[in-house]
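Trainee: make a model of this:
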Amino acid sequence: MIGKPTVIMQIPDKRKFSMEEAARYLGIHKQTLREISDLGKIPAKKEGRYRVFLLEDLDRYCESLPPYDGGEYQHRAVASV
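Mentor: Below you'll find the model as predicted:
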């Protein structure tokens, strides 16, 4: 008998993420994260010349997204979320 698929996710062991790490955590491209951050949907702190994202802010953004209905992804959804 084949059971339901299991999703395995690694729990981050840190609180601050670089742009690349945060994008990987969210499963999106760095440029998409930059655009979402520029729209003010995910706050970013500046450390030197780099943006830093807090785990709480990334999780809060994920929780604010509408549930995935299994349909086809639409690129314009990023700007409207």
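Trainee: out of everything not next to it in sequence, what's closest to I28?
Mentor: I36 (7.9 Å; C-beta to C-beta, 6 or more residues apart in numbering). Bear in mind the C-beta positions are built from the backbone N, C-alpha and C, glycine included.
Trainee: does that neighbour lie in a helix or a strand, and which?
Mentor: helix 30-38 (DSSP states H and E).
Trainee: need the strands for the protein, in chain order.
Mentor: Assigned by DSSP state E, the strands in the chain fall at 16-17, 45-47, 50-54.
Trainee: compile these into a markdown table and extend it with columns for mean pLDDT and mean neighbour count.
Mentor: As requested, those are exported to a markdown table (pLDDT from 0 to 100; neighbours: other C-beta atoms under 10 Å):
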| stretch | mean pLDDT | mean neighbour count |
| --- | --- | --- |
| strand 16-17 | 95 | 18 |
| strand 45-47 | 94 | 10 |
| strand 50-54 | 96 | 17 |
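Trainee: got those as TSV, with distance to Q31 columns?
Mentor: TSV is the format used below for the strands of the chain (distance: least, C-beta to C-beta, whole Å):
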stretch	distance to Q31
strand 16-17	16
strand 45-47	18
strand 50-54	13
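Trainee: nearest to R24, out of these?
Mentor: Smallest distance to R24 across those (C-beta to C-beta): 8.4 Å, for strand 16-17.
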